[in-house]
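Asker: sequence first, then the predicted structure, then my questions.
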Amino acid sequence: MRYLVGIDNGGTFSKAAVFDEEGNQVSVASVPTETITPKPGYTERDMNELWRVNAEAVRTAISKSGVDSKDIAGVSFSGHGKGLYMVGADGEPVYNGILSTDARAWACIQKWYEDGTNKKVYEKTFQEILIMQPVALLAWLRDNEPQVLEKCRYIFSVNDYIRYRLTGEAYAEYTNFSSGNLVNLTTKQYDPELMKLFGLEICMDKLPPLRYSADICGYVTEEAAALTGLPAGIPAAAGMFDVDACGIASGLSSPEEMCMIAGTWSINEFISPKPITNGTVALNSMFCIPGYFLVEESSPTSAGNMEWFIRNLMSYEKAEAKENGRSVYDITNEWVASIEPQDSNVIFLPFLNGSNEHPLAKGTFVGLTAFHGKKHMLRAVYEGIVFSHVTHVRKLLANREKPKSIRLSGGAANSDVWVQIFADALQIPIDVTADKELGCLGACIAAGIAAGIYPDYPTAIAKTVQINKTVYPRPEYKDIYEKKYQTYRSVVDGLNGAWKHFEN
């Protein structure tokens, strides 16, 4: 039996998992990554510490697996999109890594939309310019800390940086770079005219060579092998944006399917042989399967909001659950299930980490009275996160047929109560994939193709992907959730004129 290692860097954890070639998860290790917030709206991480954490996660996963490292055939990567990771000519970071929840570049976005740059960019990339994309962050550095760009040799995604530390070779991977407004989607290459539109000509020679997800981008060095426990000399595949990885690991391989990921980000997607160019969806990018585009609606408005609620408002319940050998998530599900949707009209806007509505929007509860308690607030959090997904999904469905079902992964997929709310609000069956680290599995599929274990993605998916259950919508809840969703939309629209007063 041959084994594969997938490394997944999200917003709060670095994970590594060992899978066998049948798609069975043998072991997983998760290590928290510290977020640095020097100012409101800034989210960064120490890149050297990030590498140490990744090495620890890989070393721990291999140790826990009991697998002989000589049987590990390859390694690859999944990671958050957007953000920015830069190294100098000496291979050392020139700035902290910047996460995809960073909002410092909002003024750059505002300027590009006011002067029409966004329309010219769209003709080349078929996507909106987002506040956390590399182009926005690079423009912010150009205007505020130009010495950083002068020192920079390579512009990386988080996957590219970890791969660089493993192999010593610098490459950029298509799914991440094409989702960051860095690639002309018609030519599938870097475009000097595109960089000129952003005023980023200085960055053109800092963009590494582009590679597809399953391409070999170097081999694990002796030094990296000593730190990680990986065997020296095994191939490192390019890897992919985590939305692609979770999509592949959920079985997303044809245009008929649709996928949602409810983690830190609300990710909603399908694939198409052609990008959607009518301006109705936020993002088109190159999918990990060559020949397809990923059509995506996303925002940092998903289950990360509930983690904030638990951390700040449920510390007592969390401690109590631990004492009783339970999970705090057992309590959250019980609380939400104890209140029928029609019995609470509290609305929560899940914008604690950013928004799909306004660059300055903030997390908000609306409709609280003295009658309401934490249980009502928590149900509003569950529903508000679902309603943000609904907004995205409806934009996607304007461009395609309604799918037979939607495949859901991410933290919310572990809650039967929450999955039922998704099904009821969308009135579409929800397929829940088997409980695995899907980002790591998607990375392992790419590693397996690079190592010659699988001939292609469809073969790998057929061998490794499992659907655990399907949750069906309840027709009697259709009107209830539609009314609540319209109230949610009214609150969002009503507050759009107020966010300019919340700049800091």
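Answerer: The structure has been received and is ready for your questions. Every value quoted in this text rests on a predicted model; they were computed, and no experiment measured them. Residues are numbered from 1 along each chain as shown.

Asker: and residue 256, how many neighbours does it have?
Answerer: Neighbours of residue 256 under the rule other Cβ atoms under 10 Å: 11. C-beta here means a position set from N, CA and C on the backbone, and glycine is covered the same way.

Asker: who's in contact with residue 28?
Answerer: 15-18, 61, 64, 437, 440 (Cβ atoms under 8 Å, 6 or more residues apart in numbering).

Asker: only C-alpha atoms, please: export stretch 281-298 in PDB.
Answerer: Extracted in PDB, the C-alpha atoms of stretch 281-298 (Å, rounded to 0.1, in the frame of the first residue of the first chain):
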ATOM      1  CA  VAL A 281     -20.900  36.200 -10.300                       C
ATOM      2  CA  ALA A 282     -18.000  37.400  -8.300                       C
ATOM      3  CA  LEU A 283     -15.200  35.100  -9.400                       C
ATOM      4  CA  ASN A 284     -14.100  32.900 -12.200                       C
ATOM      5  CA  SER A 285     -10.800  31.000 -11.800                       C
ATOM      6  CA  MET A 286      -9.000  28.000 -13.300                       C
ATOM      7  CA  PHE A 287     -10.100  24.800 -11.700                       C
ATOM      8  CA  CYS A 288      -7.600  22.100 -10.700                       C
ATOM      9  CA  ILE A 289      -9.000  19.900 -13.500                       C
ATOM     10  CA  PRO A 290      -7.400  21.400 -16.700                       C
ATOM     11  CA  GLY A 291     -10.100  22.600 -19.100                       C
ATOM     12  CA  TYR A 292     -12.600  23.700 -16.500                       C
ATOM     13  CA  PHE A 293     -13.200  27.000 -14.800                       C
ATOM     14  CA  LEU A 294     -14.400  27.300 -11.200                       C
ATOM     15  CA  VAL A 295     -17.300  29.600 -10.900                       C
ATOM     16  CA  GLU A 296     -17.400  30.900  -7.400                       C
ATOM     17  CA  GLU A 297     -19.300  33.100  -5.000                       C
ATOM     18  CA  SER A 298     -17.600  33.400  -1.700                       C
END
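
Asker: in that stretch, what counts as buried?
Answerer: Taking 16 or more other Cβ atoms under 10 Å as the neighbour-count basis, stretch 281-298 is seen to contain the buried residues 281-289, 292-298.

Asker: can you tell me the centre-most residue of the protein?
Answerer: Here the mean C-alpha position of the chain is nearest to the C-alpha of residue 80 (Cα atoms, centre = their mean), at a distance of 4.6 Å.

Asker: mind checking how far that one is from residue 100?
Answerer: 5 Å (Cβ to Cβ, to the nearest Å).

Asker: mutual contacts of these two, please.
Answerer: For the pair residue 80 and residue 100, residues contacting each of them under the criterion Cβ under 8 Å, 6+ apart are 11, 265.

Asker: beta partners for residue 18?
Answerer: Partner residues in beta bridges with residue 18, using DSSP bridges, are residue 5, residue 27.

Asker: what's the average pLDDT for stretch 139-159?
Answerer: Mean pLDDT, computed over stretch 139-159, is 97.

Asker: how long is that stretch from one end to the other?
Answerer: End-to-end distance of stretch 139-159: 22 Å, with Cα to Cα, to the nearest Å as the criterion.

Asker: can you list contacts of the helix or strand hosting residue 15?
Answerer: Using DSSP states H and E, residue 15 sits in strand 13-20. For strand 13-20, the external contacting residues (Cβ under 8 Å, 6+ apart) are 1-9, 25-33, 50, 53-54, 57-58, 60-62, 64-65, 67, 72, 436-437, 439-441, 444, 464.

Asker: about what we covered before: tell me the buried residues within the contacts of residue 28.
Answerer: Buried among the contacts of residue 28 (16+ other Cβ under 10 Å): 15-18, 61, 437, 440.

Asker: how much space between residue 41 and residue 103?
Answerer: Counting by Cβ to Cβ - residue 41 and residue 103 are separated by 4 Å.

Asker: if you could redo that for residue 349, that was the one I meant.
Answerer: 15 Å.

Asker: of the two, which one has the most company?
Answerer: Neighbours of residue 349 and residue 103, each counted by other Cβ under 10 Å, are more numerous for residue 349; the result is 23 against 19.

Asker: for that one, give me its contacts.
Answerer: When contacts are counted by Cβ under 8 Å, 6+ apart, residue 349 is found next to 355, 357, 361-364, 366, 384, 488, 491-492, 495.

Asker: which ones among the contacts of strand 13-20 are found in helices?
Answerer: Counting by DSSP state H, the contacts of strand 13-20 place 50, 53-54, 57-58, 60-62, 64-65, 439-441, 444, 464 in helices.

Asker: okay, residue 504: pLDDT?
Answerer: At residue 504 the predicted local distance difference test score is 59.

Asker: and what of residue 66?
Answerer: Looking at residue 66, its pLDDT stands at 96.

Asker: give me the neighbour count for residue 89.
Answerer: The number of residues packed near residue 89 is 10, by other Cβ under 10 Å.

Asker: against residue 205, how distant is it?
Answerer: Counting by Cβ to Cβ, the gap from residue 89 to residue 205 is 12 Å.

Asker: same question for residue 500.
Answerer: According to Cβ to Cβ, residue 500 stands 38 Å off from residue 205.

Asker: wait, is residue 421 part of a strand?
Answerer: No. Assessed with DSSP: H, G, I helix; E, B strand; the rest coil, residue 421 is helix; it does not lie in a strand.

Asker: which phi and psi does the nearest residue to it once chain neighbours are set aside have?
Answerer: Taking Cβ to Cβ, 6 or more residues apart in numbering as the measure, residue 421 lies nearest to residue 386, with 5.1 Å between them; neighbours along the chain are not counted. For residue 386, the backbone dihedrals are phi -60, psi -40 (criterion: degrees, to the nearest 10).

Asker: what's near enough to touch residue 386?
Answerer: Per Cβ under 8 Å, 6+ apart, neighbours of residue 386: 418, 421-422, 425.

Asker: those residues into JSON lines, with extra columns for neighbour count?
Answerer: Written out in JSON lines, the entries for the contacts of residue 386 read as follows (neighbours: other Cβ atoms under 10 Å):
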{"residue": "418", "neighbour count": "27"}
{"residue": "421", "neighbour count": "23"}
{"residue": "422", "neighbour count": "26"}
{"residue": "425", "neighbour count": "23"}
